[in-house]
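**Q** no sequence for this one, just the structure:
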């Protein structure tokens, strides 16, 4: 009887991701909920009352600035969501919670993969994200 050969686990360094790059990507993902809230808050009417008095020294169009900011927020949100889907379509909901909220595998209910495979998909997610950022 042969002993089962254990597969070598891939580490982030195997993907050429340094600890500093990993931290940058991790904290980018941690801002996901904040970006979604800000994007939701920015939609709607934001008008200024015109009483003839100057209000600021900022030149330009505030509506344009808000639209540009919303586009940037939407882009960041989409990068995270699309990369989670690319990393593993079977566990994307759980993977999204893990990378954006920091919920560990042990506290995620109903994950259809074992812990080792889950964290392998997580590392692959960070590899894909590092290619996009």
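**A** Arrived safely. Fair warning: this is a prediction, and the values are worked out from it, not measured in the lab.
**Q** which residue packs closest to residue 100, ignoring adjacent ones?
**A** residue 32 (3.9 Å; CB to CB, 6 or more residues apart in numbering). (C-beta placed from N, C-alpha, C; glycine too.)
**Q** and if you look at residue 17?
**A** residue 130 (5.4 Å).
**Q** What ranges does this structure have for its helices?
**A** Secondary structure of the chain by DSSP state H: the helices cover 19-30, 32-42, 62-87, 92-101, 115-132.
**Q** what distance separates the second one from the centre of its chain?
**A** For helix 32-42, the distance between its averaged C-alpha position and the chain's averaged C-alpha position is 12 Å (CA atoms, centre = their mean, to the nearest Å).
**Q** What's the mean pLDDT across it?
**A** Helix 32-42 carries an average pLDDT of 93.
**Q** Which strands and helices lie in contact with it?
**A** With contacts taken as 3 or more CB pairs under 8 Å, 6 or more residues apart in numbering; DSSP states H and E, helix 32-42 sits against helix 62-87, helix 92-101.
**Q** quick one on the thing from earlier: would you tell me which one of the helices of the chain is buried the most?
**A** Compared across those, helix 92-101 shows the largest average neighbour count, a mean of 19 (mean count of other CB atoms under 10 Å).
**Q** which regions of the chain sit below the pLDDT cut-off?
**A** 1-10, 44-59 (pLDDT under 70).
**Q** Repeat the analysis, applying 50 as the threshold.
**A** For the chain, the stretches with pLDDT under 50 are 1-3, 5-8.
**Q** circling back to that earlier point, out of the helices of the chain, nearest to residue 108?
**A** helix 92-101 (4.7 Å; CB to CB).
**Q** and that closest one, how far out from the chain's middle?
**A** 9 Å.
**Q** tilt between that helix and helix 62-87?
**A** Inter-element angle recorded for helix 92-101 and helix 62-87: 130 degrees (by axes from the mean of the first three to the mean of the last three CA atoms, to 10 degrees).
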